[in-house]
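*Asks:* Show me the folded form of this:
(one chain, ligands or ions: 1)
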Amino acid sequence: MQDFRYCPYCRTELVAQLQEGLLRQRCPGCQELFYKNSKPCAGALVVDDQGRLLLARRAIAPFKGQWDLPGGYLEDGEHPEAGALREVLEETGLNIRITGFGGIYMDTYGASGVATLNIFYEATVLGAIPEKLDAKDDVAELGWFAADALPLGDFSFENGKRAIADWRARSAR
Ligand SMILES: [Zn+2]
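*Replies:* Sure, this is the predicted structure:
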């Protein structure tokens, strides 16, 4: 992720400073220190009553046209459980219930290389699942896939692939 060049509070040009072995940006004007963090994201491993996994084909870059787990960036102050519910609803129209924890996976997003911290939950659908799912938001298509028929050769992010691999290992026990 690109660094600030000027302080967003007082517009003074920032300087680099070594702190705790890490190079951080500091403002010589107001003394603000700028910490960098991975961006938090939340998503869900949603299964139907046959144990099939819900995947979403991406309608936008990066990885446009490739499969992904439903999910996205958290809003400011949002709990990751609430973020996972919101993202799945936005992308699929489905209300889900969280049934377990799906793990945390580090990754980067797109050409910017922004570091992401990806939190996954296991979930089921609340109520009846419609025959035909309605892809919304930044999703082009939705599909249910059996654990042994997942389109992993046509899959987007590494963090999702690792979350699915661990989910399959748990499901096989
Ligand atoms: Zn400043």
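*Asks:* Run through the residues that contact Ser171.
*Replies:* 51, 147 (Cβ atoms under 8 Å, 6 or more residues apart in numbering). Placement of C-beta: from N, CA and C, glycine included.
*Asks:* How about Ala146?
*Replies:* Here Ala146 is in contact with 50-53 (Cβ under 8 Å, 6+ apart).
*Asks:* For the lengthiest strand in the chain, name the packing helices and strands.
*Replies:* In terms of residue count, the longest strand belonging to the chain (DSSP state E) is strand 96-109. In this structure, strand 96-109 packs against strand 39-47, helix 80-92, strand 114-125, helix 158-172, with contacts taken as 3 or more Cβ pairs under 8 Å, 6 or more residues apart in numbering; DSSP states H and E.
*Asks:* Quick check: nearest residue in space to the residue lying farthest from the centre of the chain, chain neighbours excluded?
*Replies:* Distance from the C-alpha centroid of the chain peaks at Gly29, with 36.0 Å (Cα atoms, centre = their mean). Nearest non-adjacent residue to Gly29, counting by Cβ to Cβ, 6 or more residues apart in numbering: Thr12, 3.1 Å away.
*Asks:* And the pLDDT at that neighbour?
*Replies:* The score at Thr12 is 97. That number is its pLDDT.
*Asks:* Kindly report the same for Pro130.
*Replies:* Taking Pro130 on its own, its pLDDT is 88.
*Asks:* Likewise for Tyr6?
*Replies:* At Tyr6, the pLDDT value in this model is 96.
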